[in-house]
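> model this:
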Amino acid sequence: MTDQNNLKPQNRRRQLLLAVLAALTLTVAAFVGWRYSVYQTYRTHIRPGVHIAGLDVGGLTAEAATALVKEKIAAPLQAPITVGTQGAAPSSLDQKTTFSAEEAGFHVDVTAMVQAATALNADLTFGDFLFGTPPPLDEDIPLQTHLDEARVRAFLDELTAEINQPLREHTLDAQALQFIPGQEERQLDTTGGIEKIRAAFLSSDPAQRTVTLPVQTRQPPSPTPDELRVLLEPIAARVSTPPQPVRVLTTTLTSDPRWPEWWTPPGASRVAYTFDPGRMGRELDIEASIARIQTTIASGDSSPVSLVITDVNPPPLGLEDGLKPLLLDISNEFPGVTSLYVADLSSGETLSHNLHVVYSGMSLLKVGILVTAYRHWNGDPPDDIRSNIAYMISESNNAASNLVLMGIGGGEDAIPGVKAVNQTFADLGMIRTFMRQPYYVEGGAKWPALPPPDLPEDKNVPAAEAAIDTHPDAMMQTRLADMVILWTALYEGCQGKGLLLETYPDSLDAAACCEMLDWLKTNPVRTVIGASVPPEVPIAHKHGWVAATRSDIGIIYSPGGDYLFGLFMWQDSDWINWDVCFPLFRRLSATVYNYFNMGPPASINDH
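Here you go, the predicted model:
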């Protein structure tokens, strides 16, 4: 009993010890298991304090570190860079192009760097974690990249082929008549290009991700003006062609169905003059070509430019020294006095002969009555006056003319109207033109003549013309010089300018002047200045003749241009036979018309 009692405490101590040992064992086992789990977890993560290219990846799994490195390092560095070229001065050589990482064969080796970071755990043992945790590392895995230098070199070679060009001198193409601009030499400097591109890919600074490669240039020498002249002069001598001048030709006028054959006797000359307008010439304008070449060189434009070839007009056949001798050659056949006037109404060029010789005024003065009527009624004569104007111009009717004079005078007396017409002549400076009484009408009213006018002296009259006496009518006189004033004023007035509008600004305007010319176009007698003018060509004119005088003056609206033509003839006889003067009228009319309608000179390319 006693032994059994003694055993019980021993058993309890043994059991307690066993329990303690078991608990201790379990505790140690749990501790060791915990530390082992820490060890295992540590081994699957990158150690603290580890960086990849400066990026903290400590404590991250390899997958997480890979994603972070790709985002923060690989993606920015693998973005495209910019490669540019630049000349010595701002120019078209300043170009930029993008160069991708794929094109360059550039990539960031993320896997290798993460593996290197992970490998830092390789020397760790469980013992390092049994009683603590290893301290953090201070380790930075360097950036690892790859650049395919062959691809970069190929890119630079391609860029070089695009930029580089050889020097080409400026040249003149004598056959094509062109200046061919030279070409500058260009050399792309790719020295260190691969390393510059590598550095750009390795930089995350946007300002450092542009590579600029210099381009060396050399310009072809520019020729001096003197050098260009030396080159251009033989070309000019070869290509320049002088113009062919206007040629004066004779033509024989054929019968015109408008005029009776007996008006031109068999022995009368039918020869008039016609004109070949000549041919254009051309010349190389050396100075203008030099200026164009220098401008082209300065602009840098490489396109060929044509040399300056100018057309050269034939020398003009002037009115005074060209046409006038021909007209005198014809008119000198007339056994009497001839006065001539021709004006080119577009250029103002004129010719004249015996311009100041005084003749009988005849029906020429009816144009003065017309102008006076229009200024009297402020450009709008009443209907009855218009009816009389129609007869006065289209039929040269004396009675109608007197009725217009009476209307101007305001009563049954035509003398006030005559005075008004004389005032018109005086206002316009027609100092040797006057009327002293109305026109004679058989069986009509008779009016006393006005006293002879006190005419001012004209010091511009040549002595030879002043000496010519045509025995003009004492009642009505004029001269071609005065008629030219009146007709020029009418033509210019229709264009809104000139003497008539300046003299009578309150009573006449352009419309009134045009209307007066329209009246004068109704004159059907085209046997003098219009004798050889085609019937479809308008003529505004007024003729007049008495026994020993024939006259006509007016405006021919020809296709080749408007011209004023005045022709007066006087013979010291009782009567000028029509078959004497009419052949001359035809020849003179044809020669003047042909002059103004010879057409333009032929092109140098026309054959």
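> Which parts of the protein belong to which domain?
For the chain, automatic domain parsing gives the domain ranges 50-218, 354-522.
> Of these, give the one that comes closest to Phe568.
Proximity to Phe568 (Cβ to Cβ) singles out domain 354-522 among these, at 5.4 Å. To be clear about C-beta, it is placed using only N, CA and C from the backbone, and glycine gets the same treatment.
> State the distance from the spatially closest residue to Leu143 that is not a sequence neighbour to Ile141.
Closest residue to Leu143 in three dimensions, ignoring its sequence neighbours and counting by Cβ to Cβ, 6 or more residues apart in numbering: Ala53, at 3.9 Å. From Ala53 across to Ile141, the span is 7 Å (Cβ to Cβ, to the nearest Å).
> now the strands: where do they sit in the stretch 501-607 of the chain?
Secondary structure of the stretch 501-607 of the chain, counting by DSSP state E, counting those that start in this stretch: strands at 539-546, 549-558, 561-570.
> Then the stretch 101-250 of the chain?
107-108, 139-141, 145-146, 171-173, 178-180, 185-188, 210-218, 247-252.
> now those strands in a markdown table, with mean pLDDT and distance to Glu492?
A markdown table is the format used below for these (pLDDT from 0 to 100; distance: least, Cβ to Cβ, whole Å):
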| stretch | mean pLDDT | distance to Glu492 |
| --- | --- | --- |
| strand 107-108 | 94 | 90 |
| strand 139-141 | 91 | 100 |
| strand 145-146 | 94 | 91 |
| strand 171-173 | 93 | 51 |
| strand 178-180 | 94 | 48 |
| strand 185-188 | 91 | 65 |
| strand 210-218 | 91 | 64 |
| strand 247-252 | 98 | 31 |
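> Between these, which one is closest to Gly59.
Short answer: strand 139-141, nearest of the strands of the stretch 101-250 of the chain by Cβ to Cβ, at 13.4 Å.
> right, and the domains of the chain - which one's nearest Asp562?
domain 354-522 (7.4 Å).
> residues in contact with Arg190?
Let me fix one detail, which is that residue 190 is Thr and not Arg. Residues near Thr190 by Cβ atoms under 8 Å, 6 or more residues apart in numbering: Leu156, Leu159, Thr160, Leu213.
> Take the residues you listed and keep only those in helices.
Counted as lying in helices by DSSP state H, out of the contacts of Thr190, are Leu156, Leu159, Thr160.
> Save those residues as a markdown table, and put in pLDDT too.
Shown next, in a markdown table, are the ones in helices among the contacts of Thr190 (pLDDT from 0 to 100):
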| residue | pLDDT |
| --- | --- |
| Leu156 | 92 |
| Leu159 | 89 |
| Thr160 | 91 |
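> picking up where we left off before, quick check: of the contacts of Thr190, which lies closest to Thr85?
Leu213 (5.3 Å).
> which residues sit in contact with the residue nearest to the closest one when sequence neighbours are not counted?
The shortest distance from Leu213 to any non-neighbouring residue, by Cβ to Cβ, 6+ apart, is to Thr85 (5.3 Å). Counting by Cβ under 8 Å, 6+ apart, Thr85 touches Leu93, Asp94, Gln95, Lys96, Leu159, Ile163, Leu188, Thr212, Leu213, Pro214, Val215.
> And the strands in the stretch 351-500 of the chain?
Using DSSP E, counting those that start in this stretch, strands in the stretch 351-500 of the chain cover 358-360, 434-435, 476-479.
> In space, what's closest to Ser306 - neighbours in sequence excluded?
Per Cβ to Cβ, 6+ apart, closest to Ser306 is Gln178, 5.5 Å.
> same deal with Trp578?
That would be Trp263: by Cβ to Cβ, 6+ apart, it lies 6.1 Å from Trp578.
> go on, Arg270?
Arg270 sits nearest to Leu253 (Cβ to Cβ, 6+ apart), 4.4 Å away.
> what's the burial count for that neighbour?
When neighbours are counted by other Cβ atoms under 10 Å, Leu253 registers 17.
> ok, now the one 10 residues further on?
Here the number of neighbours of Trp263 (other Cβ under 10 Å) works out to 17.
> do the same with the one 10 residues further on
A count of neighbours around Tyr273, defined by other Cβ under 10 Å, yields 21.
> Can you tell me the element it falls in?
Secondary structure from DSSP states H and E places Tyr273 in strand 271-276.
> Please enumerate residues in contact with that strand?
Residues contacting strand 271-276 (Cβ under 8 Å, 6+ apart): 246-253, 317, 326, 330, 532, 586-588, 590-591, 594-595, 598.
> Taking those, please make a ChimeraX selection of just the buried ones.
Applying 16 or more other Cβ atoms under 10 Å to the contacts of strand 271-276, the buried members can be selected in ChimeraX as follows:
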select :246,248,253,317,326,330,532,586,587,588,590,591,594,595,598
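> on that earlier part again, just send the ones in helices among the contacts of Thr190 back as TSV, with distance to Leu307 and neighbour count too.
Converted to TSV, these look like this (distance: Cβ to Cβ, whole Å; neighbours: other Cβ atoms under 10 Å):
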residue	distance to Leu307	neighbour count
Leu156	42	19
Leu159	38	19
Thr160	36	18
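> Could you dump those into TSV and include distance to Asn11?
As requested, the ones in helices among the contacts of Thr190 are exported to TSV (distance: Cβ to Cβ, whole Å):
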residue	distance to Asn11
Leu156	94
Leu159	97
Thr160	100
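> now, among those residues, which is nearest to Val110?
Leu156 (27.4 Å).
> Wait, that closest one touches Gly192, no?
No. With contacts counted by Cβ atoms under 8 Å, Leu156 stays clear of Gly192, the gap being 10.6 Å.
> Contacts only, for Ala75.
So Ala75 contacts nothing (Cβ under 8 Å, 6+ apart).
> which residues of the stretch 351-500 of the chain fall in helices?
Counting by DSSP state H, counting those that start in this stretch, the stretch 351-500 of the chain has helices at residues 366-376, 383-394, 398-409, 415-427, 463-466, 480-494, 499-503.
> So which bits of the fifth one are buried?
So the one you mean is helix 463-466. For helix 463-466, by 16+ other Cβ under 10 Å, it's Glu465.
> what's the average pLDDT for it?
What helix 463-466 shows for mean pLDDT is 96.
> for it, packing partners?
If contacts are counted by 3 or more Cβ pairs under 8 Å, 6 or more residues apart in numbering; DSSP states H and E, helix 463-466 sits against no helix or strand.
> contacts for that helix?
Taking Cβ under 8 Å, 6+ apart as the rule, helix 463-466 contacts Asn354, Leu355, His356, Val357.
> and the third one, how many residues sit next to it?
By that I understand His356. There are 19 residues near His356, going by other Cβ under 10 Å.
> Tell me how far it lies from Ala272.
27 Å.
> try the second one
Counting by Cβ to Cβ, the separation of Leu355 from Ala272 is 23 Å.
> Same question for Ile81.
88 Å.
> do the same with Ala512
37 Å.
> Also Leu16?
164 Å.
> The two - which one has more neighbours?
Using other Cβ under 10 Å as the criterion, Leu16 and Ala272 rank with Ala272 on top: 22 against 10.
> what about the chain, any weak spots by pLDDT?
1-7, 27-42, 87-93, 122, 124-132, 606-607 (pLDDT under 70).
> Pull the residues that contact stretch 482-499.
341, 343, 345, 355, 364, 367-368, 371, 425, 428-433, 500-501, 503, 508-510, 512-514, 516-517, 520, 540, 553-555, 562, 564, 566.
> Right, I'll leave it there.
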